[in-house]
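# task: produce atomic coordinates for the following.
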Amino acid sequence: MRSEGQALFGQPLETPLVAPRVVDGEPGMAPTPFGETLEGEDPSLPALSRSEGWSILVSRVPEGGAAGAATRLDRVRTAGGLPEATLQRRGGGLVIAVGAYDSPIDPRAKAELGRVRAIEVNGSRPYAGAFFAPPSGAGAGGANPEWDLRNVRGRTGSAAEYTLQIGVYARVGSGMPGPDEVRQFRAAAEQAVASLRAEGEQAFYFHGATSSTVTVGVFAERDHDASVTPPIESRRLREARERHPNNLVNGAGFRETLRTDSGQAFRRLQRSQLVQIPRG
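The predicted structure is shown next:
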C-alpha cells in the first residue's frame, strides 16, 4: 500500500543568511515560494486551474501520463484527503497543486503547507515532501538576466530542479504593496544577489508581482532524495543550508510560530527552504 501511495502521490521537500537583526512575525506568517497554468489543449484532461500566485506542489503527473491525470487528481482529492487539489500546467508538464498565494510571506501559506505535509493516508504521509512552486514565467525581468531565476533552466539544462530560498522582500502584514514598494523590493533583491555573488555565491533573484525572492545554488533531483524520511541530501546542498540556515524577510531574521505534533506552540527563526526553479 505504501509503495502504491508513493507511486500515486510522489514524494515532492522539507525546507533555510544568519540575520543581522530579528523581527517578530504575525502568527502563522511564513514564506511560500512559484507555474504557468493554462487551459489544456487535450479535451480528455480535467479543466486546468489558473494560478498567478505561488502554490504547494504535491504531485507531478509523469510524462506521457495525461491520460491518467483525471484518475490521479480524483484519487488525490478523495483517498488522498485533498479535495481542493487542482491540476495545473507548469513548464509544459502537469502537476497537482494546492493553494495560490500573492506573496512568499502570505500568513496563510506556511500553515497550509504544514497541514498538507501532515496528512496521513494508510499510515504514511504521502505529501511530507510537498513544496512551494513558483509561477513559471510569471515574474518580471531585472537588470541582469543572468541572475534571473527564470533563466536558470535555459542556461544550465533541464536537470536544474531546485534552488535554496534564503530571502524575500515583501510587505509584512495585510494589504497589497504599491508600485513604489514593489520597485524597492526588486532593487533590494538585486542588490542582495550582487553582494552574495561578490562573496562567491551562485545567487539569483525572482521578481513576482508583489514581492522578490533571493536564492542560492542550483540543485538536481539527485541532490534531494525525498523518497525516504528524512530526505537524503547531497553534501553540496547541506553545505548551502549551513551557510544560509535562515530565510531573511526584508534583510532581517524573521521569527515564526510553529506547533509540535502535540499542539504545543514554539517560536524560531524561519529557515531557508528548497523551492522549485521556474520552468520557462
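# Three-state assignment for the closest residue to residue 203 other than its chain neighbours, please.
In space, and not counting its chain neighbours, residue 203 is closest to residue 196: 3.7 Å by C-beta to C-beta, 6 or more residues apart in numbering. For the C-beta atoms, the positions are set from N, CA and C on the backbone; glycine is no exception. The three-state label given to residue 196 by DSSP: H, G, I helix; E, B strand; the rest coil is helix.
# show the contacting residues for residue 196.
Taking C-beta atoms under 8 Å, 6 or more residues apart in numbering, we find residue 196 in contact with 203, 214, 216.
# try 10 Å this time
Residues in contact with residue 196 (C-beta atoms under 10 Å, 6 or more residues apart in numbering) are 17, 147, 166-167, 202-205, 214-216, 243-244.
# cool, and residue 81?
116, 119-121, 126-127.
# one more time with 6 Å
By C-beta atoms under 6 Å, 6 or more residues apart in numbering, the residues touching residue 81 are residue 119.
# is it fair to say it lies in a helix?
No. Applying three-state DSSP, one finds residue 81 to be coil, outside a helix.
# how near is it to residue 74?
Counting by C-beta to C-beta, to the nearest Å, the separation of residue 81 from residue 74 is 13 Å.
# please enumerate the helices of the stretch 1-150 of the chain.
Here the stretch 1-150 of the chain has its helices, by DSSP state H, counting those that start in this stretch, at 2-9, 69-77, 107-118.
# between those helices, which has the poorest mean confidence score?
Note on those: helix 2-9 shows the lowest mean pLDDT, a mean of 40.
# quote the end-to-end distance of stretch 162-179.
With C-alpha to C-alpha, to the nearest Å applied, stretch 162-179 spans 29 Å between its terminal residues.
# and it, which residues are buried?
By neighbour count on 16 or more other C-beta atoms under 10 Å, the buried set for stretch 162-179 is 162-172, 177.
# just give me the neighbour total for the closest residue to residue 56 other than its chain neighbours.
Distances taken as C-beta to C-beta, 6+ apart put residue 98 closest to residue 56, at 4.6 Å, once the chain neighbours are dropped. For residue 98, the count of nearby residues is 20 (other C-beta atoms under 10 Å).
# how near is residue 98 to residue 162?
Distance, residue 98 to residue 162, by C-beta to C-beta: 19 Å.
# can you check residue 210 too?
Counting by C-beta to C-beta, the gap from residue 210 to residue 162 is 23 Å.
# local confidence estimate at the closest residue to residue 222 other than its chain neighbours?
Counting by C-beta to C-beta, 6+ apart, residue 234 is the residue found nearest to residue 222 once chain neighbours are left out, at 6.8 Å. We have a pLDDT of 94 for residue 234.
# check residue 184 too.
Listed pLDDT for residue 184 reads 93.
# surely it is within a strand?
No. Per three-state DSSP, residue 184 lies outside any strand segment and is helix.
# in space, what's closest to it - neighbours in sequence excluded?
Spatial nearest neighbour of residue 184, excluding adjacent residues (C-beta to C-beta, 6+ apart): residue 169 at 7.7 Å.
# didn't the one you found look like it was pressed against residue 189?
Yes. At 5.1 Å, residue 169 counts as touching residue 189 under the criterion of C-beta atoms under 6 Å.
# residues shared between the contacts of those two?
Common contacts of residue 169 and residue 189 (C-beta under 6 Å, 6+ apart): residue 212.
# can you list the low-confidence ranges for the stretch 151-280 of the chain?
Counting by pLDDT under 70, the stretch 151-280 of the chain contains low-confidence residues at 174-175, 229, 261, 279-280.
# can you map out the strands along it?
162-169, 203-207, 212-219, 224-225, 232-233, 248-249, 253-259, 265-269, 273-276 (DSSP state E, counting those that start in this stretch).
# residue 89 is nearest to which of those?
strand 273-276 (14.2 Å; C-beta to C-beta).
# lovely, talk soon.
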